[in-house]
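>>> the following comprises the amino acid sequence and a computationally predicted model.
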Amino acid sequence: MLIIETVLMLRQQIRRLRLEGKRIALVPTMGNLHDGHMKLVDEAKSRADVVVVSIFVNPMQFDRPDDLARYPRTLQEDCEKLNRRGVEFVFSPTPEEVYPRGMGEQTYVDVPGISTILEGASRPGHFRGVSTVVSKLFNLVQPDIACFGEKDYQQLALIRKMVADMSYDIEIVGVPTVRAKDGLALSSRNGYLTSDQRKIAPGLSKVMNGIGEKLKAGERNVEEILAAAALELNEKGFRSDDLQIRDADTLLELTPQSQRAVVLMAAWLGQARLIDNLTVDLA
Ligand SMILES: Nc1ncnc2c1ncn2[C@@H]1O[C@H](COP(=O)(O)OP(=O)(O)OP(=O)(O)O)[C@@H](O)[C@H]1O
Ligand SMILES: CC(C)(CO)[C@@H](O)C(=O)[O-]
Ligand code: BAL
C-alpha cells in the first residue's frame, strides 16, 4: 500500500493508473477508521480495480474551532487497517497541501438549497467545506466511482446533486449505515462518549425507530411525533438538537404526495453530537 502525501505524487500515480486502464474507486474519509469506513472500502473494492482512501480532516468544513482541534487523528492505525484490507493507495495530505493559498483565498463549490437547510443550518459553512473538498478530491483522484455512507444522509444527497450539476462522470455509491450490536451508528465522534454515556447512546436509534413505527402506523402529525421524541431523548440524558421528518427525496417538508420519509436525528450526549437517520416507506 502506498501512502501519498502530496498532490504531485498523487497526480503521477493517477496518470499511470489511467494509462493502464484501471477502474478507480475513491473513499473519502476524515480518518479514525471504524467498521463503517471498512464497509465503504469493501464496497469500493468490489466495484473497481484500485481503491484510493483519502484521510483528511478538512478544516474548511468545521464551524467550531474546538471541534476541529480535538477531532481524533490516528493515521498510523488507520493505514495498518487499510493495508490489511487490501487498499492500494492512501492519500493523506496536510491542510497546506490542499489549501496552499489558505482557506480565505480558496475558490469554493456551493450546492444551493440543500447546503443551508437542516445540518447546514446547524453547522454554518459546513457543507460548503464538504462540497469544496470532495470536488477537489474528485479532480485529483479522477475516480470512476466514489463511496459515501448513508449515515450522513444530507451529505450523500449534497454530493449526488453536485455530481449531477457539475457533470462529474462519477458513480456515487451510497452504503448503508453500519451499527454496533446495540444499534448505535458507528462514528468517530462516539469516541468522545464516557462509558456511562456509551450505555445511553443506543437510545438515539431506539427513539428514531419508534418514530419510524409511528409513521408506518399512519401517524402524520410531525410536530407531535417530534415533540414526544425530543422529550424521550432528554429523559434518557441526551440534549435533543435537531429532529426532523422530511421527504426522503427532496429533504423538504412532507407533502401528501411524499412516497418516502426520512427521520433525521441530531442530539448531544456529553461532548458528542450524534446523528442518525432512517427512511420509511409511506405508501
Ligand atoms: N457507521 C457508518 N456506516 C457507514 N458509513 C459510515 C459510517 N460512519 C461514517 N461513514 C461514512 O464514512 C465516510 C467518512 O466519514 P467520517 O470520516 O466523517 O467518519 P464518521 O465516523 O462519520 O465521523 P464523524 O464523527 O466525523 O461523523 C462518510 O461517507 C460517512 O458517511
Ligand atoms: C466526505 C468527507 C470525507 C469530506 O471531508 C467528510 O465530510 C466525511 O468524512 O464524511
Ligand atoms: N461525517 C461528516 C463529517 C463531519 O461531521 O464533519
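On my side now, so go ahead. Numbering: from 1, shown residues only. Ligands and ions are numbered 1, 2, ... in the order given.

>>> residues touching the residue of the stretch 1-150 of the chain found nearest ligand 3, list them.
Using CB to the nearest ligand atom, the closest approach of the stretch 1-150 of the chain to ligand 3 is made by residue 61 at 5.1 Å. C-beta coordinates here come from the backbone N, C-alpha and C atoms, glycine included. Contacts here follow CB atoms under 8 Å, 6 or more residues apart in numbering; on that basis residue 61 touches 125-130, 133.

>>> so which of the residues you listed belong to helices?
Secondary structure of the contacts of residue 61 is defined by DSSP state H; positions in helices are 126-130, 133.

>>> redo the contacts of residue 61 as TSV? Include pLDDT and distance to ligand 1.
Output for the contacts of residue 61, formatted as TSV (pLDDT from 0 to 100; distance: CB to the nearest ligand atom, whole Å):
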residue	pLDDT	distance to ligand 1
125	97	16
126	98	11
127	98	13
128	98	16
129	98	12
130	98	10
133	98	12
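
>>> out of these, who's nearest residue 238?
Closest to residue 238 out of these is residue 126 (21.0 Å), distances taken as CB to CB.

>>> how near is the closest residue to the closest one other than its chain neighbours to ligand 2?
Leaving aside its sequence neighbours, residue 126 sits nearest to residue 61 (CB to CB, 6 or more residues apart in numbering; 5.2 Å). Noted for residue 61: a distance of 6 Å to ligand 2, by CB to the nearest ligand atom, to the nearest Å.

>>> from here on, call the first residue 39.
Yep, numbering from 39; the last one is residue 99 now.

>>> backbone dihedrals for residue 99, please?
phi -100, psi 0 (degrees, to the nearest 10).

>>> ok, now residue 234?
Main-chain dihedrals, residue 234, degrees, to the nearest 10: phi -70, psi -40.

>>> measure how buried it is and give me the count.
Neighbours of residue 234 under the rule other CB atoms under 10 Å: 10.

>>> quick one on the thing from earlier: near ligand 2 too, which of the contacts of residue 99?
Among the contacts of residue 99, proximity to ligand 2 is found for 168, 171 (CB under 6 Å from any ligand atom).

>>> distance to residue 103 and neighbour count added to the contacts of residue 99, as TSV?
Converted to TSV, the contacts of residue 99 look like this (distance: CB to CB, whole Å; neighbours: other CB atoms under 10 Å):
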residue	distance to residue 103	neighbour count
163	12	16
164	14	22
165	18	25
166	17	19
167	13	21
168	18	26
171	18	23
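
>>> would you turn the contacts of residue 99 into JSON lines with distance to residue 69?
Below are the contacts of residue 99 laid out as JSON lines (distance: CB to CB, whole Å):
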{"residue": "163", "distance to residue 69": "21"}
{"residue": "164", "distance to residue 69": "18"}
{"residue": "165", "distance to residue 69": "20"}
{"residue": "166", "distance to residue 69": "21"}
{"residue": "167", "distance to residue 69": "16"}
{"residue": "168", "distance to residue 69": "15"}
{"residue": "171", "distance to residue 69": "14"}
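
>>> which of the contacts of residue 99 sits closest to residue 296?
Nearest to residue 296 among the contacts of residue 99, with distances taken as CB to CB, is residue 165, at 23.0 Å.

>>> these two touch, right, residue 321 and residue 296?
No - applying CB atoms under 8 Å, one finds residue 321 not in contact with residue 296, separated by 9.4 Å.

>>> who has more neighbours out of those two?
Neighbour tally, residue 321 and residue 296, criterion other CB under 10 Å: the higher count belongs to residue 296, 19 against 5.

>>> the more buried one and ligand 2, how far apart?
In terms of CB to the nearest ligand atom, residue 296 sits 26 Å off from ligand 2.

>>> now for residue 316: which residues touch it?
Shown in contact with residue 316 (CB under 8 Å, 6+ apart): 246-247, 249-250, 300-301.

>>> of those, which belong to strands?
Judged by DSSP state E, strands contain the following of these: 300-301.

>>> which among the contacts of residue 316 count as buried?
246, 249-250, 300-301 (16 or more other CB atoms under 10 Å).

>>> now, which of those residues lie close to ligand 3?
Okay, of those, nothing touches ligand 3 (CB under 6 Å from any ligand atom).

>>> just put those in CSV and tack on pLDDT and distance to ligand 1.
Shown next, in CSV, are these (pLDDT from 0 to 100; distance: CB to the nearest ligand atom, whole Å):
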residue, pLDDT, distance to ligand 1
246, 99, 14
249, 98, 19
250, 98, 18
300, 98, 15
301, 99, 16
